[in-house]
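*Asks:* Give me the fold of what follows.
(2 chains)
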Amino acid sequence: MIFLLPAAAAVSLATAAFFVARSTDPADAKALGVRHTALITATVAGLVAALSWIGFDGEQAAIQALPPRELRFVPIVFALVALVGVALAPLATHPPRTIARLLLIVAIAQASLATTIPAVFALCAAMTAWITWWELKETTGASEIAQLFAGFHSASVALMLVGMVFLANDFRATGGGLFLLAMAIRAGLLPVHSWFVGFVERAPMGVVVAFVTPQLSVLPFLTTASFALPIPSARILVVAAAVAATVSAGLGLVQVEARRAAAFLMISQTALVLIGAGSQSNVARAGAFVTWQALALALAGFAMTVAALEARRGALSLRQPGGLSALTPKLGTALLILGLASVGFPLTMGFVGEDLLIQGAEESWLRMIPIVTAALNGITVTRCFLYLFSGGSALIGECDLRPREVAAVTVLILTLVVGGVWPRFIVPTPSARPQNAVAPDRGDPAPLRAPIQPTIARNDTASATRPLFFDHAADYRFDDSRCVAARIRPATR
Amino acid sequence: MNVASLNPPLLALIVLPAAAFFALAIPAWLGRRVDERAINAIVGAAFAASALAAVALISGMLAIGADRVVLPLGTWFETDSYRFTWTLVADHLSVPFALLSTVLVGLVGAFSRRYMHLERGYRRFYLLLALFGAGVEVVVLAGTLDMLFFGWEIVGLASALLIAFFNERVNPVEHGLRAFVTYRICDVGLLAAAVSLHHAVGSSDIAAPSPGSGDWGGFSCPNDPIQATAIGLLLLWASIGKSAQLPFGGWLPRAMEGPTPSSAIFYGAISIHLGAYLLLRAAPLLEQAPIAAAAVCTIGALTALHATFVGRVQSDIKSALAYASMTQVGLIFVEIGLGFRYLAIVHIVGHAAVRSLQILRSPSLLHDHHHLEQAMGQQLPKTGGHLERLVPAAMQPWLYRHALERGYFDAALLDFAARGFVRLFLALDRYDRAWSDLLTSAPRPPRLRQIRDAQESQ
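*Replies:* Down below sits the predicted model:
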């Protein structure tokens, strides 16, 4: 199955990267990148809206214009990540080659949406890691981090490939476990996060945003039935993500450097998405899906505003208040709004996602994790805002966001707010779910045991898989992959 | 006239303050200059119209004899079996609060026109005031606990940002952060209560009151008394933070660092009573959970005692008024816990009006005293003598010390809760850094002691 729109967006972004890389002047490269990404974002958004409106679905065709209904917003999200990454990229740390790599990484992330073939996803994940490592290798002062990055991501790619081989041969428990570990490394989950914090601290923020915020580690769990984990693996994912979310939130709170705080915020919030992704509840999985998209936008914006401020002021300390929002009101407002949007503040997409995540959690302790984590991360964001934009009036000459930056941030905030006010476009509402596939979430929490099972489950004592969220996607993804050539059917109890 | 005709004024109560906020926020983001008169006109007009809408709503309800007006605004989002709906409820509880809030915010807005004149953050002040007004109306008119949480968060943010209003100084910023931390910690209780209600009874909607009771509706009560008690305690936890009750009341006197008009409306009138409002809304649930009701009484009584003693040794008027507010809200908690709901409403309305006036007048306290003494022809008589008679002489020095140290609650929270948390995560951070250094092939892994020393020197 091929989806034309993400493929076209990927090609466009890659073309933009090519032209940006040819530029010699950083300012020209940035301007060119902004123009291209703005055009691509507008085109993707327009096409998604127009094709969805006229009902251009082509349910069973091998080549379709749009991804499944639930995934249609994602190409827009990725395009916006590219737009914000380029528009707010400081010139000093983002020469043309870096901006080109940023665009290329997002292009590859887009490409991972363009097909349902698992091997293509694995290839995309590996390529983004390779390009990022290349950038790190050439970044001044990041050679040690480049080594660490290479070590962790080589392991991640290797585990992913081996896991896929096991899955293809229907060793679901082993394959699922290996794949899980690969994705945990990719997501920077504690305790395999050692590459992540240093990466956020040292790498150009645009590249960090391009590599981290599309959260490719989450994508397969949410969208691809081929990666449906056996119950024990899903359980491990949930518990590991819960621990990672809470501990990272606590670590974020005690940081005295803004970049490190942002790094732990990213880990913590991404872990929340993985809690939902590993959940048996459709409500929690819908929450994970919405939170994933909200986080991609909000964290990209938050991280880039931190980078923009850093370019104006130098290293950002959170030891004591040391800035003044009166000098840079738009920068301060953007940092606050985008940071709060990333922790699920009301009126933003994140609120919708986290509400679903919390309401959908099967167990009471699991419900408390997103609540407590969001509370701690909210404090981290507010602390960052208050300490970076208050307390000192000695700073002079600090300029506010430039018009181009304001335009990109405005589009981002509007998207988050519109997505929060009218979330029906982004909240998946599975309508064609098999009967009895999922236990009701409200008043009768979904059991952790298997609601549905594949008809073929060889060599796997824990053969039950999670309920699949995108049922129609599940069918074709199973067909495309060589993993399990089976159709799903309701469980018999 | 029928019940449907009351829907527009009910909706206007929320829409108008929100519109004022956006009318100020959008030009600010676009960098457009708006003069003070226009800012004041926007906020004044919005809250005046909102107050008129509240009056129209009350008049309409009285005219048709409606005890309750419910306005379903539709489903916000839904998936599978979960649905988030927007519903507004006007009843005996929410309508007085809605009217009180909109009138007081409007009056404070009018008062601030001169008080904040030429202040650097004039627009920011009114922007946050409008945001606060909108948030409060969402809280009081919410038809579900989920929706109430929505407004609750907005109120908390507006409150913290206004405490940190004078952001060129360090203290207001740190105090604003302290208030926000307290809010967030206690908001955990509110959200957990909402989720628990969903899982226990299937919804967090405000149910209709029993017919003929003349009362207001509350959250549905779970049949299991343990669940009811747990939800009641979670709601109490949420109320403690917002209403500055023990042991989290330490942020309130510090919150007085904000502009006086915002202190008046937040900590004299509206925000501080929102915890009491939440408990009043949960009153039917508290009736079924006597342990939770007893906890409400106990917290309220302890806070009232604590605050009345501590307030008497404060050397600045705004801190003294902050503790006076805590005392009264503590008494209101006791009334709610004992089931005197209408007494609590009357107490809230009276206290909000008097305290906000006192705080607004506090900057001219000396001037007022001077006038009063001139009129009386003598010095003002000493107050509080009854306490000196009631408290044994041997205990008075101890009590004085206790009051000066604010009951040691702040120190205890800092030493036993916050510091432990911070130390734990700083230690984890040290190990994390050391592990990363080891992995990055640093020539020699830095010794943990060195990192700890560096952290402590920060």
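
*Asks:* CA atoms for contacts and neighbours, from now on please.
*Replies:* Noted.

*Asks:* Which neighbouring elements make contact with the strand or helix carrying A:Ala298?
*Replies:* Here A:Ala298, judged by DSSP states H and E, is contained in helix A:282-313. The contact analysis (3 or more C-alpha pairs under 8 Å, 6 or more residues apart in numbering or on different chains; DSSP states H and E) places helix A:282-313 against helix A:73-87, helix A:205-212, helix A:219-223, helix A:258-277, helix A:329-342, helix A:349-360, helix A:403-421, strand B:69-79.

*Asks:* Pick out the shakiest of the ones you listed, pLDDT-wise.
*Replies:* When mean pLDDT is averaged over each of the helices and strands packed on helix A:282-313, helix A:219-223 scores lowest at a mean of 72.

*Asks:* tally of neighbours for whichever residue of chain A sits closest to chain B?
*Replies:* As assessed by C-alpha to the nearest C-alpha, chain B sits closest to A:Gly391 within chain A, at 4.4 Å. By the criterion of other C-alpha atoms under 10 Å in any protein chain shown, A:Gly391 has 24 neighbours.

*Asks:* which residues sit in contact with it?
*Replies:* A:Gln320, A:Pro321, A:Gly322, A:Gly323, A:Leu324, B:Asn167, B:Glu168, B:Arg169, B:Val170, B:Val173 (C-alpha atoms under 8 Å, 6 or more residues apart in numbering or on different chains).

*Asks:* That one pairs with what?
*Replies:* Beta-bridge pairing for A:Gly391 (DSSP bridges): A:Gly323.

*Asks:* In contact with residue 222, which residues?
*Replies:* Since no chain was named, I'll use chain A. Contact analysis of A:Leu222 by C-alpha under 8 Å, 6+ apart lists A:Ala277, A:Arg285, A:Ala288, A:Phe289, A:Phe469.

*Asks:* Chain B was what I was after
*Replies:* By C-alpha under 8 Å, 6+ apart, B:Pro222 lies in contact with B:Leu197, B:Ala200, B:Val201, B:Ala228.

*Asks:* Name only those of those that count as buried.
*Replies:* Among those, the ones that count as buried by 16 or more other C-alpha atoms under 10 Å in any protein chain shown are B:Leu197, B:Ala200, B:Val201, B:Ala228.

*Asks:* can you redo the residues you listed as TSV with secondary structure and pLDDT?
*Replies:* Converted to TSV, the buried ones among the contacts of B:Pro222 look like this (DSSP: H, G, I helix; E, B strand; the rest coil; pLDDT from 0 to 100):
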residue	secondary structure	pLDDT
B:Leu197	helix	92
B:Ala200	helix	89
B:Val201	helix	88
B:Ala228	helix	93
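
*Asks:* before we move on, back to that, of the contacts of B:Pro222, which are in range of chain A?
*Replies:* Filtering the contacts of B:Pro222 for proximity to chain A by C-alpha under 8 Å from any C-alpha of the partner chain leaves B:Ala200, B:Val201.

*Asks:* Just flag the most distant two among the contacts of B:Pro222.
*Replies:* Greatest spacing in the contacts of B:Pro222, by C-alpha to C-alpha: B:Val201 and B:Ala228 (10.2 Å).

*Asks:* ok so, going back, select, out of the helices and strands packed on helix A:282-313, the one closest to A:Ala375.
*Replies:* The closest of those to A:Ala375 is helix A:329-342. By C-alpha to C-alpha, the value is 10.6 Å.

*Asks:* ok, of the contacts of A:Leu222, which one's closest to A:Leu5?
*Replies:* Of all the contacts of A:Leu222, A:Leu5 sits closest to A:Phe289, with 19.9 Å by C-alpha to C-alpha.

*Asks:* dump the residue contacts of residue 331.
*Replies:* I'll assume chain A. So A:Leu331 contacts A:Thr305, A:Leu309, A:Ser325, A:Asp400, A:Leu401 (C-alpha under 8 Å, 6+ apart).

*Asks:* looking at chain B here, not the other one
*Replies:* Contacts for B:Leu331 (C-alpha under 8 Å, 6+ apart) come out as B:Gly300, B:Ala301, B:Ala304.
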